[in-house]
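Q: Fold the following, please.
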Amino acid sequence: MKKILAATLGDCVHVAGINNFLNLCKSFGYKTIFLGTRVPIETIKDYIRKEKPDFVALSYRLNSETFSKILTQIRNLSLHKESRLIFGGTPDVAFLAKRSGLFVKSFDGTESIEEIQSFISGKRIKSSIKKHSLNLRERLLEKRPLIRHHYGRPSLKETLGGLQKIALSGVCDIISIGPDQNTQQFFFKPEKRDSSKDGAGGVPLKNLKDFIKIYKVTRRGNFPLLRCYAGTEDLLKWAKMLHKTIHNAWGAIPLCWYSRLDGRSDRPLYSAIVENQEVIRWHAKNNIPVEINEPHQWSLRQAHDSLTVFMAFLAAFIAKELKVKDYICQYMFNTPPGLSPVMDLAKMLAQKEIVESLSSSSFRIYTMVRAGLKSLSGDFAVAKGELSSSTVLSMALNPDIVHVVGFSEADHAITADELIESCKIVRGVISKTSVDYPDLTLDPRVQKRKKEILKDVNLILKTFDSIGKRTSPRTLFNAIKVGLIDAPDLAGNCEACGKIKTKIIDGACRPVSNKGILLSEKERIKQLKIDTKKL
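A: Got it, this is the predicted structure:
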């Protein structure tokens, strides 16, 4: 049995870190001997001669100036020929320990649990092709949850430099490239680009070589999966180009957006619905995972909770009918602003339950959670707390992917350093909520609201099916026109009804009358007076 001897040095009495380390060592079959705190070097020498340990773990978490003096004493340790020194401390002290050359490993508290376990077990972290697979499902077999973040600075040069830094940091498993609107809309129509708008909302990308550069610069560090926002026009051309250049991890396609409905392209609504389904079908045929980023698009426009959940179900149902094999369902918390944590979690649990009712061996569903786009403060210190809080709540869904929204997003497009820090914040939350954490889903208020939403969704679904075939583009188009599917922010839109009113009541987003009086879903649908014969 391998043996490890441990102690804290100097005047250091901090034992939490070293005790956690020793407990991990025990789980790998080590015999551990903890000598205590503030142990003199001479005492450590005596125990080394007596116990002949394989490792001597020394810890010091005070100032680096004093540690420099302690290092001199450590150099005089007479080690047993098989004993090796390990160090643990704060980053600045661990840096000195590493630089001294006395220790086979120096831990500064930023290491992942996998890295620590790898050292203790003596097994190097595998760098096989499987670890660096471009396949989402295979990556999830290696690690779960995966961490995703979006990135795109106003210039290609800055974006490439940032991507290299992010990849080398190893903190982000999936990077979503965020092109500017010029690129998303006019990549295949360069003559329509307005160069004065380059870099607005993302990175300007003008040709295939730009995408290939992005791919190559990220083939280092943890070799993150890459994906990219879809084009808002020429979606099929975009899909094929992304597959060819960056090996797009999955396609994110809406059911009805990137059209005149949101103004991000000139496509008429019906044409957009038809084309979007064709693009989803292409991904399915080529065995590329799909995310239909539909439900949160409605929530962002103040749609009520039950409608958002219905759209999540409809999107997943259509994906399954179009033969998608791997489906990413995104859950955007804190949207619309004003939802209480209880009602927000209830909404997401209702969405998860009804979407996952479609799961099968040929239709695998992955849960991806994220904070709301509009939920973070412009005060970065406050935003870091909000990001942590949202992550804690979303971990109740037991996600496969955590889509991090950086703490600086309310102010500017995130920098590489801010992205890395945001991912580390979320990694910290995940590590603390993954083991023996209270189950927030059991709150009776959460369960009650979840049941209410599912009941409403069934009413919407029944009415939707009365309009036409569930997967037909015409059915979705008509349902939007008559207001069954509607949101307050679509008022005045030529493609929508835009007459619905919603309001945050008791922490939930609900439909209301023109006078602000709460409407049940049954009352709301009845007031629409939908005549299916005219459709």
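
Q: use CA for all of it now, contacts and neighbours both
A: Fine.

Q: Without its sequence neighbours, what residue ends up closest to D108?
A: Spatial nearest neighbour of D108, excluding adjacent residues (CA to CA, 6 or more residues apart in numbering): P91 at 4.7 Å.

Q: what separates that neighbour from E495, distance-wise?
A: Computed as CA to CA, to the nearest Å, the P91 to E495 distance reads 57 Å.

Q: List the contacts of the residue nearest to the spatial centre of the chain.
A: Geometric centre of the chain, nearest residue: H403, 1.5 Å, by CA atoms, centre = their mean. H403 makes contacts with 147-149, 368-371, as judged by CA atoms under 8 Å, 6 or more residues apart in numbering.

Q: count of neighbours near K157?
A: For K157, the tally of surrounding residues (other CA atoms under 10 Å) stands at 10.

Q: where do the strands sit along the stretch 51-200 of the chain?
A: Using DSSP state E, counting those that start in this stretch, the strands of the stretch 51-200 of the chain run over residues 55-60, 84-89, 105-107, 146-151, 174-177.

Q: Nearest to C12, out of these?
A: Nearest to C12, of all those, is strand 55-60, at 5.8 Å by CA to CA.

Q: residues in contact with the closest one?
A: Identification of contacts with strand 55-60 by CA under 8 Å, 6+ apart yields 3-10, 12, 14, 18, 67, 83-90, 93.

Q: Give me the ChimeraX select line for these, limited to the buried ones.
A: To isolate the buried members of these in ChimeraX, using 16 or more other CA atoms under 10 Å:
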select :3,4,5,6,7,8,9,10,12,14,18,67,83,84,85,86,87,88,89,90,93
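
Q: In helices only, show me the contacts of strand 55-60.
A: Per DSSP state H, helices hold the following members of the contacts of strand 55-60: 18, 67, 93.

Q: Could you export these as a markdown table, including pLDDT and distance to T218?
A: Shown next, in a markdown table, are the ones in helices among the contacts of strand 55-60 (pLDDT from 0 to 100; distance: CA to CA, whole Å):
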| residue | pLDDT | distance to T218 |
| --- | --- | --- |
| I18 | 91 | 35 |
| F67 | 89 | 38 |
| V93 | 88 | 31 |
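
Q: For the nearest residue to T159 once chain neighbours are set aside, give me its contacts.
A: Using CA to CA, 6+ apart and skipping the chain neighbours, the partner closest in space to T159 is R153 (5.2 Å). Contacts for R153 (CA under 8 Å, 6+ apart) come out as 159, 199, 202-203, 413-415.

Q: Out of those, show me where the pLDDT dips lowest.
A: In terms of pLDDT, G199 ranks lowest among the contacts of R153, with 85.

Q: With T183 as the reference, measure out to it.
A: 9 Å.

Q: Looking at those two, which is more packed in?
A: Set G199 next to T183 and count neighbours by other CA under 10 Å: T183 wins out with 25 against 20.

Q: I figured the more buried one hits P204, correct?
A: Yes: assessed by CA atoms under 8 Å, T183 is found in contact with P204 at 6.0 Å.
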